[in-house]
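**Student:** Provided below are the primary sequence and the corresponding predicted coordinates.
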Amino acid sequence: MTDFVFVHDLVEDNGKTIKENNLARDHAIALKSFVEINYPDNDYHGVRAFVVEHQRDCDGTPLYGLSLDVDNCDALIEAKEHGDDWLTRMLRARIDGGWSDGSLVVLRAA
């Protein structure tokens with residue numbers, strides 16, 4: 001039988017897995033910051049938007065959800081706090097997510 005190893009389960013020099021180390025990293029860009037997408041090989045290169053959600057990849061890497069409407073940030077926070085799954089899903093449909101801090105340039109920090 002073949003054993004599978006998930007890359008995020010590999011142990012690094014500090015004795016923790018890649019995922020544990022990534023989950024310990026804070027998001028470098030604050031919510032409501034105004035950013036520009038710097039990803040030359042992507043159709044969104046040069047687009048400017050607001051960071052409205054802190055997200056994580058499956059390996060724990062900090063990611064960012066972007067929206068053209070900064071008010072989506074407060075609306076999403078409120079929907080999550082009230083357990084409104086329907087509203088949370090609707091707001092997330094208006095958010096383009098999964099951007100790494102390396103693909104974003106902060107134009108105005110919150």
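**Tutor:** Yep, that arrived.

**Student:** and the top helix by length along the chain, what's buried?
**Tutor:** Identified as the longest helix of the chain according to DSSP state H is helix 71-81. Within helix 71-81, the residues scored as buried using 16 or more other C-beta atoms under 10 Å are 72, 73, 75, 76, 79. C-betas here are computed from N, CA, C, even on glycine.

**Student:** output the contacting helices and strands for that helix.
**Tutor:** When contacts are defined as 3 or more C-beta pairs under 8 Å, 6 or more residues apart in numbering; DSSP states H and E, helix 71-81 packs onto strand 48-56, helix 85-92.

**Student:** only the C-alpha atoms, please, for the helix or strand immediately after the last one in the chain, written as PDB.
**Tutor:** Past helix 85-92, heading to the C-terminal end, the next element that is a helix or strand (DSSP states H and E) is strand 96-99. Extracted in PDB, the C-alpha atoms of strand 96-99 (Å, rounded to 0.1, in the frame of the first residue of the first chain):
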ATOM      1  CA  ASP A  96     -12.400  37.700  -4.300                       C
ATOM      2  CA  GLY A  97     -10.300  35.600  -2.000                       C
ATOM      3  CA  GLY A  98      -7.100  33.700  -1.700                       C
ATOM      4  CA  TRP A  99      -4.600  36.500  -2.300                       C
END
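
**Student:** neighbouring strands - and their directions - for strand 96-99?
**Tutor:** Partner strands for strand 96-99, per DSSP bridges, with pairing direction: strand 62-67 (antiparallel).

**Student:** the strand it pairs with to strand 48-56, inter-axis angle?
**Tutor:** Interaxial angle of strand 62-67 relative to strand 48-56 (axes from the mean of the first three to the mean of the last three C-alpha atoms, to 10 degrees): 140 degrees.
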